[in-house]
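K.L.:
Show me how the following folds:
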Amino acid sequence: MRSSHHAGKVWPGPGGPGPRARALVFLGVLPLLAGATGAAAQGAAQPAGRGFRVIVHADNTVARLPAKTVANMFLKKSKRWDNGDLVVPVDLEPRHPVRKVFTRAVHKKSITAIGSFWQRIIFAGRGVPPESKATEEEVLAFVAANPGAIGYVSDETELGDGVRQLGVDDLKGRP
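P.N.:
Residues are numbered from 1 along each chain as shown. Next comes the predicted model:
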């Protein structure tokens, strides 16, 4: 087997690291791309009694959707609204406590599991995760500015102009 010298290391194959080495490097930096390591994602405390509500642009005519459809919109598997507009999902950052509640209720998975889903999609070159915002105010502004947008905020957050709540069916313990 031929090997090449690369940054002080001996790598198999001509010109650099092989697919296995590239995958290991990629998997090592993926938690940074996702915005949280396992410890950091686990460390975000959830305030007691705090829930969420799904929001859409005020002009969106859809009143309710099943939780599975909402999940598919955030996984970019459902790409268009009934009127033909592109679905533009926006997440809160992985460390945000409302994201943990939303992810468990809608995706029925952990933030880490959803991060792994996106890692596979990115690595395969098939897509990128939804844009993430640091604050609920940023999510509200994004949804208000984008007619196809869908996001979520705490159920305690004042919605204001330009956005409205979307009903989500099939959520345990929620309307």
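
K.L.:
Tell me if Thr157 really is in a helix.
P.N.:
No - under DSSP: H, G, I helix; E, B strand; the rest coil, Thr157 falls outside any helix and is assigned coil.

K.L.:
Now it: closest residue in space that isn't a chain neighbour?
P.N.:
Once flanking residues are discounted, Thr157 sits nearest to Glu136: 5.0 Å by Cβ to Cβ, 6 or more residues apart in numbering. Backbone N, C-alpha and C define where each C-beta goes, glycine included.

K.L.:
For the one you found, give me its contacts.
P.N.:
Contacts here follow Cβ atoms under 8 Å, 6 or more residues apart in numbering; on that basis Glu136 touches Leu92, Val98, Val153, Ser154, Thr157.

K.L.:
now, which of those lie within helices?
P.N.:
Among those, the members falling in helices (DSSP state H) are Val98.

K.L.:
neighbours around Phe74, how many?
P.N.:
When counting by other Cβ atoms under 10 Å, one arrives at 23 neighbours for Phe74.

K.L.:
try Ser154
P.N.:
That count, for Ser154 with other Cβ under 10 Å as the rule, works out to 18.

K.L.:
does it really touch Val98, like I thought?
P.N.:
Yes - between Ser154 and Val98 there is a contact under Cβ atoms under 8 Å: 5.0 Å.

K.L.:
Now do the helices in this structure.
P.N.:
Using DSSP H, the helices found in the chain span residues 19-34, 38-43, 67-74, 97-102, 111-123, 136-145.

K.L.:
worst average pLDDT in those helices?
P.N.:
Among those, helix 38-43 carries the lowest mean pLDDT, a mean of 34.
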